[in-house]
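In: okay, sequence plus prediction incoming.
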Amino acid sequence: MLRDVRATLDRLVDEGREDGIQVAVYLDGELVVDEVAGPVDHATPIFSYSTGKGLTATIVHILVEQGRLDYDLRIADVWPEFAARGKDRITLRHALTHSAGVPQLPADIVPDDFTDWARMCAIVAGTEPLWEPGARHGYHAWTWGWLIGETVRRATGLTMSEGLGLITGPLWTRGELFFGVPRGQVVAPLSDGGWSAALEQVSAHVEHFGLVSPPLVRPGAQFANRPDILGADIPATGTVTARAIAKMYAALIGEVDGVRLISPERLREVTAVATSGPDWVFGADARRSLGYTVEDGYFGWDGMGGSVACAYPDLGLALAVTKTRMGTGENDPADAIRAEIARSSRDRARATRG
């Protein structure tokens, strides 16, 4: 598969299944695949929804490693307003693992609200929790970013965009990893490849989906292409290139150009399964660690509509797929690309051992 990535991407674009797509792969700290197809280049960031959660989690782990944060910090100790309505016992650990109990947003929330950091933090602080902290877990699709981001800001003085410098500085990836995208930065626009229709089905059949993602802030191409949304710090999302976010994951599991973002001991801690079982939002079983999803030997984040970024520590493998066409199901090949790259890497590892 590693040799065939470019041909696969060209075929997807030629068949009309994708518009613009990027794939990057690191093996043992070396960039072995950096391919693009369609109207994007290697350095064009793409709004990739929850794939950006990996950036937020990684910032937290670096700050903990530096002694500037603690996973068991009570959020209300640095953000007193957050204690309202019985939330005084929620910790940063609860937030990272989606077990804080505040995944919901007001039904009438609009995109303009998302561009106002103080307003969104006030909304989260005033929310009544739906469960006791740690009693269950449920996907905090949007609120996760403000919940963690404001805790980081209150505890360290860093905004999340400033915190990104802890990643982009050492890894020389400035200009390719963003929360709020600065004016003048070229970003590839998203298109709808059946995603909106699929999302309507999800909202109709998943009982709690409308609570965590109200109608006017549903994750779609039109929403992501708004200049004000692109320019806002929304750390539940991110605008990234495949090669830059793959490099971040590579530097979590090992050295890249002499840089390792966290220690091996920290890596084991933050990738261990912390919550599992039925997710309150979607109902299906989910496994999460301290800030990442965990499945089949990898940790990382998928973004709604088809982006992927993750690492397989046992394989020394980190990869990312970012794309402009938001699709789902058989129309979305990103997960298949990830699985095939992992299979190829496992075959390589077995051959090396043999």
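Out: Cool, got the structure.

In: give me the element Ser203 is part of.
Out: helix 195-205 (DSSP states H and E).

In: other SSEs contacting the helix or strand just after that helix?
Out: Downstream of helix 195-205, the next assigned helix or strand under DSSP H and E is helix 209-212. Where contact means 3 or more CB pairs under 8 Å, 6 or more residues apart in numbering; DSSP states H and E, helix 209-212 is packed against helix 195-205. Just so you know, the C-beta spots here come from the backbone N, C-alpha and C atoms, and that holds for glycine as well.

In: what does the helix it packs on rub up against?
Out: 209-210, 213, 215, 218-221, 304-306, 326-329 (CB atoms under 8 Å, 6 or more residues apart in numbering).

In: change it to 7 Å
Out: Phe209, Gly210, Arg218, Gly220, Gly305, Met326, Gly327, Thr328 (CB atoms under 7 Å, 6 or more residues apart in numbering).

In: stretch 154-168 too?
Out: 55-56, 58-59, 62-63, 68-69, 73, 78-79, 149, 152-153, 173-174, 177, 179-180, 233, 235, 248, 261.

In: for Asp72, which residues are in contact?
Out: So Asp72 contacts Thr91, Arg93 (CB under 7 Å, 6+ apart).

In: please report how far it lies from Gln222.
Out: From Asp72 across to Gln222, the span is 40 Å (CB to CB, to the nearest Å).

In: about what we covered before: alpha carbons of the helix holding Ser203, as CSV, please.
Out: The C-alpha coordinates for helix 195-205 follow below in CSV (Å, rounded to 0.1, in the frame of the first residue of the first chain):
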residue,chain,number,x,y,z
TRP,A,195,-22.3,14.1,4.3
SER,A,196,-25.2,16.5,5.0
ALA,A,197,-27.8,13.8,4.0
ALA,A,198,-26.1,11.3,6.2
LEU,A,199,-26.0,13.7,9.1
GLU,A,200,-29.8,14.3,8.8
GLN,A,201,-30.2,10.5,9.2
VAL,A,202,-28.0,10.5,12.3
SER,A,203,-29.9,13.4,13.8
ALA,A,204,-33.2,11.6,13.2
HIS,A,205,-32.2,8.3,14.7
